[in-house]
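In: Whatever this is, show me its structure:
(one chain, ligands or ions: 2)
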Amino acid sequence: MGPTFITLEGPDGSGKSTQAALLAEKLTEMGLSVLLTREPGGTPVGRRLREILLNPDVQLSVMTEVLLMAADRAQHVQEVIKPALENNMVVVCDRYVDSSLAYQGFGLLGDVSQVKAINEAAVEGVWPDLTILLDVEPEVGLRRHRQAASAAGRPSCSGRAGGLDRIEQRDLEFHQRVRDGYHVLSTLYAQRFVVIDTTGLEIETVAQIVWEAVEQRFKGDNR
Ligand SMILES: Nc1ncnc2c1ncn2[C@@H]1O[C@H](COP(=O)(O)OP(=O)(O)OP(=O)(O)O)[C@@H](O)[C@H]1O
Ligand SMILES: [Mg+2]
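Out: Residues are numbered from 1 along each chain as shown. Ligands and ions are numbered 1, 2, ... in the order given. Below you'll find the model as predicted:
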């Protein structure tokens with residue numbers, strides 16, 4: 001496997017961070033040079049942007065949110081993703097451009113064209129080779145987060161509403177538009193998307209399906 005860019009996408013609580021870590025571990029075990037990273041916040045500047053973007057006490061206009069997400073991405077591409085790919089690494093990224101298209105595009109604006117144009121400038125031609133869409137109903141994803149919070153003994157209803165960040169706190173209709181938006185993206189970009197319905201599946205089972213998708217996609221690939 002030569003330089004390869006894999007992104008994990010999906011609604012909140014669909015298992016992106018869990019699966020990104022498991023996938024990176026497996027690729028590393030195979031002797032590949034792997035970079036595991038995430039958005040927003042994959043760079044020092046990005047971590048500051050992430051704090052603004054996700055802090056429930058911050059008020060942002062829709063366009064500010066679109067532009068800050070794109071700014072985080074532009075920095076991430078320049079500073080982290082492009083250099084890693086140039087060094088022949090496999091990059092596994094927890095959320096990328098499709099998150100902006102789904103959340104800010106479909107979720108907030110109801111259309112992706114403007115968000116897409118802005119992000120085309122941000123990514124400078126660095127589009128994923130493979131995008132794994134972990135699908136789940138928004139209610140189920142939210143419940144997973146709540147269960148994890150209570151299992152860890154964290155109060156699930158103090159401070160931030162239910163411990164949710166600024167974007168997670170939006171209503172169910174928003175999250176439904178995001179989920180439906182991801183499905184539209186998976187047909188628009190069918191070549192790079194693999195959709196996995198994670199409903200009722202154990203983490204290990206999803207990991208196995210993710211792995212099969214990666215193997216299938218890069219089978220016989222000697223880039
Ligand atoms: N298939 C699964 N079944 C049940 N629970 C799961 C599954 N996958 C992940 N989880 C649990 O659900 C919670 C959310 O998972 P994770 O943080 O990986 O989701 P995420 O997509 O990264 O969420 P976010 O969008 O909020 O970053 C975690 O506690 C995780 O252990
Ligand atoms: Mg996550």
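In: and the most centrally placed residue in the chain, what is it in contact with?
Out: Closest to where the C-alpha atoms of the chain average out (Cα atoms, centre = their mean) is R95, at 1.7 Å. Taking Cβ atoms under 8 Å, 6 or more residues apart in numbering as the criterion, R95 is in contact with 7-9, 16, 38-40. (Each C-beta comes from the backbone N, C-alpha and C, glycine too.)
In: out of these, which is most surrounded?
Out: L8 (28 neighbours; other Cβ atoms under 10 Å).
In: all helices of this structure, in order?
Out: Taking DSSP state H to define them, one finds helices in the chain at 16-29, 44-54, 62-76, 82-86, 97-99, 113-123, 138-151, 172-188, 203-218.
In: Against which helices or strands is the second one packed?
Out: In terms of contact count using 3 or more Cβ pairs under 8 Å, 6 or more residues apart in numbering; DSSP states H and E, helix 44-54 is assigned the packing partners helix 62-76.
In: Need the contact partners of the helix it packs on.
Out: The contact list for helix 62-76, computed with Cβ under 8 Å, 6+ apart, reads 37, 39-43, 45-46, 49-50, 52-53, 60, 96-97, 99-100, 104, 108-109, 114-115, 118-119, 121-124.
In: Just the buried ones out of the residues you listed, please.
Out: 37, 39-43, 46, 49-50, 53, 96-97, 99-100, 104, 108, 115, 118-119, 122-123 (16 or more other Cβ atoms under 10 Å).
In: Of those residues, which are in range of ligand 2?
Out: Among the buried ones among the contacts of helix 62-76, not one lies near ligand 2 by Cβ under 5 Å from the ion.
In: can you list the residues of this structure near ligand 2?
Out: 16-17.
In: Spell out which parts of the chain neighbour ligand 1.
Out: Within the chain, the positions near ligand 1 by Cβ under 6 Å from any ligand atom are 10, 12-18, 144-145, 148, 198, 201-203, 206.
In: Show me the contact partners of stretch 82-93.
Out: By Cβ under 8 Å, 6+ apart, stretch 82-93 touches 1-8, 20, 23-24, 27, 32-39, 42, 81, 124, 126, 128.
In: Between its first and last residues, how far does that stretch reach?
Out: Across its full length, stretch 82-93 reaches 12 Å between end residues, using Cα to Cα, to the nearest Å.
In: ok, now stretch 6-18?
Out: Stretch 6-18 has an end-to-end distance of 15 Å (Cα to Cα).
In: returning to that earlier point: need the max-distance pair from the residues of the chain next to ligand 1.
Out: Farthest apart among these by Cβ to Cβ are D12 and E202. That separation is 19.3 Å.
In: Pull the contacting residues for F5.
Out: Counting by Cβ under 8 Å, 6+ apart, F5 touches 81, 85, 90-91, 93, 126-130.
In: G42 now?
Out: 72, 76, 80-81, 93.
In: who touches S14 in this structure?
Out: 134-136, 141, 198.
In: Flag the least confident of those.
Out: The member of the contacts of S14 with the lowest pLDDT is G141, at 94.
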